[in-house]
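>>> Whatever this is, show me its structure:
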Amino acid sequence: MLTGAMGERMRFSFWPNPSQPYTEVKQLAQHVEQTGWDGFWYADHFMPNAADTHAPWPEAWITLAAIGAEVPRLRIGTLVTGNTYRHPAILAKMAVTLDHITQGRVVLGLGSGWQENEHQQYGIEFGRVGDRLEKLDEACQAIKMLFTQHTSNFAGKHYQLENATLEPKPLQTALPILIGGGGEQVTLRITAAHADEWNVWGTVETLQHKMRVLDQHCADLGRDPKSIQRSAVALLFMSEDEKTLQQARASAAQRPSIIGTPDEVKDVVQGYADAGVDELIVPDFTLGPRTAKLKTLDTFIQHVAGR
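Have a look, this model is predicted:
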């Protein structure tokens, strides 16, 4: 069983492509729960980030509510919700409602928002990067107030709360907020200020570098860096066939990837654990059709994760 630098058991979570039908997503969630995975994440977008946006693309929070009611053990969360999509108070209400549905298994994944085409199509203000980051910072403050205070008052530049109530409160003592993103000057500072967890796409080397930056922001703000859980995402290409692996290496340069035989993948994943990654999230984007996908997921959780 893989453990990290601090001796804690590393978590392994699954992220299905959101273009799949709900019935398939539910079956995958049930399978990974039964075979020992720890978490289930779902992308909160309204359409593909592509020229053709007509592919089926279910809404994330409704999907997670259904999965949470059907699958009784996994931690579940958005990877990540764009803060621009919903007012923070509405999002807080949604997260707490799901926390009750799941008996306290929700992580609120939150980011500044980046996918421009969905904003354009739905008339959602996109704005400058700096404005979106300001909104993310304010949203984190407002949401944490609503989670914990009897009534909340907040007078921000972008968001305001006036004697605002949110009942019931989360079942979890502190419903975790996960911030996704690797921007070193602002996003990681917001993470250091407000997040319980943090996620980024990256290789081991990327994670090592980004975590040093995050730790420095924590030091600047007087926060214990160990109080922030760290998670990583990378595409998985795992096979015993060398030709398949060579093709993967040739085609995977655009996104962080873990490529190799099961033994080689295990060594790479141990590198993430040694670097201080608490959770590795595996997308199914590269795992092929259902039969091959399930075989790879089972090999990973048994041989690589040691479950």
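>>> hey, let's count contacts and neighbours off CA atoms from now on
Will do.
>>> Secondary structure of Arg230: a strand, I assume?
Yes: Arg230: assigned to a strand according to DSSP: H, G, I helix; E, B strand; the rest coil.
>>> hey, what's it bridged with?
Using DSSP bridges, the bridge partners assigned to Arg230 are Trp198.
>>> Now do the same for it: its pLDDT.
On the pLDDT scale, Arg230 is placed at 98.
>>> mind checking how far it is from Leu91?
Using CA to CA, to the nearest Å, we find Arg230 at a distance of 23 Å from Leu91.
>>> Next: Asp137.
Per CA to CA, Asp137 is found 14 Å from Leu91.
>>> between the two, which one's more packed in?
Shown here are Asp137 and Leu91; by other CA atoms under 10 Å, Asp137 has more neighbours (22 against 19).
>>> Surely that one forms part of a helix?
Yes: counting by three-state DSSP, Asp137 is part of a helix.
>>> Find the nearest non-adjacent residue to it, please.
For Asp137, the nearest residue in space outside its immediate sequence neighbours is Ile190; the separation is 6.0 Å by CA to CA, 6 or more residues apart in numbering.
>>> tell me the mean pLDDT for the helix or strand the one you found falls within?
Using DSSP states H and E, the element containing Ile190 is helix 187-194. The average pLDDT for helix 187-194 rounds to 98.
>>> Same question for stretch 295-302.
98.
>>> and what of stretch 272-283?
98.
>>> ditto for stretch 203-214
98.
>>> Check which residues of it are buried.
Going by neighbour count (16 or more other CA atoms under 10 Å), the buried part of stretch 203-214 is Thr203, Val204, Leu207, Gln208, Lys210, Met211, Val213, Leu214.
>>> Give me the distance between the residue nearest to the spatial centre of the chain and Leu280.
In the chain, the centroid-proximal residue (CA atoms, centre = their mean) is Leu79; its distance is 3.2 Å. Distance of Leu79 to Leu280, given as CA to CA: 13 Å.
>>> Kindly report the same for Gly180.
14 Å.
>>> ok, these two, which is more surrounded?
Counted by other CA under 10 Å, Gly180 and Leu280 do not tie: Gly180 has more neighbours, with 27 against 22.
>>> hang on, isn't the more buried one packed against Gly113?
No: Gly180 lies out of contact with Gly113 (CA atoms under 8 Å); the separation is 9.9 Å.
>>> Can you give me the buried ones in stretch 58-71?
Pro58, Ala60, Trp61, Thr63, Leu64, Ala65, Ile67, Gly68, Val71.
>>> Thanks a lot, catch you later.
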